[in-house]
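[1] no FASTA, just this:
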């Protein structure tokens, strides 16, 4: 066996006997699996522990609240651009932003509360549809623009219901503020 220590049996053992008993390997494997479990368990976010109020508050203070706020602002910006009769390109831009913000917010789900997750998922799907209909109708399709306006109105109601639910779980009204246009200025310009 070429006198390699690994291949050469020790005296009193035959060549087929493993060097480490199977039991020791099994214990080592279990210890490794347990250690990995502890490490991964330590990675759980704070929104996954504590009271329901604590979990929801932590989630809202993280990406959850800003996701809601970003969708709200994007929907208002679409309303503003359409009401100012901006160019089709400017309207498409804000409509695409609404769809993108909604998709980003969907990525923040699930929330640590099942009802809140369902409410926000419905709102974000509606926001995506509103953005898509607006984008496709921006060049003058009144039917799609009207449908988008209806979806945005529904969206505002859906988000308000979700925020009220957060308040009922946490005991306080959360903030979903984000950067918003100042005054009545048109953040996307364009006019006519």
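    All right, it came through fine. Model, not experiment: these values are computed from the prediction.
[2] Next SSE downstream of whichever strand or helix holds residue 124?
    Residue 124 is part of helix 114-137 when elements are defined by DSSP states H and E. Next along the chain after helix 114-137, taking DSSP H and E as the criterion, comes helix 142-170.
[3] and the residue lying closest to residue 121 once chain neighbours are set aside, how many neighbours?
    Leaving aside its chain neighbours, residue 121 sits nearest to residue 109 (5.9 Å; criterion: Cβ to Cβ, 6 or more residues apart in numbering). All C-beta spots, glycine's among them, are computed from the backbone N, C-alpha and C. The local packing of residue 109 (other Cβ atoms under 10 Å) involves 16 other residues.
[4] Helix, strand or coil: sort out residue 109 for me.
    State at residue 109, reduced to three classes by DSSP: H, G, I helix; E, B strand; the rest coil: coil.
[5] Dihedrals phi and psi, residue 139?
    The phi/psi pair for residue 139 (degrees, to the nearest 10) reads phi -90, psi 10.
[6] From what I see, it and residue 88 are in contact.
    Yes - using Cβ atoms under 8 Å, residue 139 is in contact with residue 88, at 4.6 Å.
[7] Any regions of the chain where pLDDT drops low?
    By pLDDT under 70, the weakly predicted segments of the chain are 1-48, 177-192.
[8] and if we set it to 50?
    29-47, 179-192 (pLDDT under 50).
[9] domain ranges for it?
    Taking automatic domain parsing as the reference, the chain has its domains at 1-42, 53-170.
[10] what's the residue nearest to residue 120 when sequence neighbours are not counted in contact with, if anything?
    Spatially, and ignoring its direct neighbours in sequence, residue 120 is nearest to residue 162 (5.2 Å; Cβ to Cβ, 6+ apart). For residue 162, the contact set (Cβ atoms under 8 Å, 6 or more residues apart in numbering) comprises 68, 116, 119, 120, 123.
[11] Just the element for residue 91, please.
    Using DSSP H and E, residue 91 falls in helix 88-106.
[12] what's next to that helix, contact-wise?
    67-68, 70-71, 73-75, 77-78, 80-82, 120-121, 124-125, 127-128, 130-132, 134-135, 138-140, 148, 188-190.
[13] isn't residue 124 right up against residue 71?
    Yes - look at residue 124 against residue 71 with Cβ under 8 Å: they come within range, at 6.7 Å.
[14] more crowded one of the two?
    Neighbour totals were compared for residue 124 and residue 71, and residue 71 leads with 32 against 27 (other Cβ under 10 Å).
[15] distance of the more buried one from residue 54?
    Using Cβ to Cβ, to the nearest Å, residue 71 is found at 24 Å from residue 54.
[16] got it, and residue 168?
    For residue 168 relative to residue 54 (Cβ to Cβ), the value is 15 Å.
[17] More neighbours: which of the two?
    In this view residue 168 and residue 54 are compared by other Cβ under 10 Å, and residue 54 has more residues nearby, 15 against 11.
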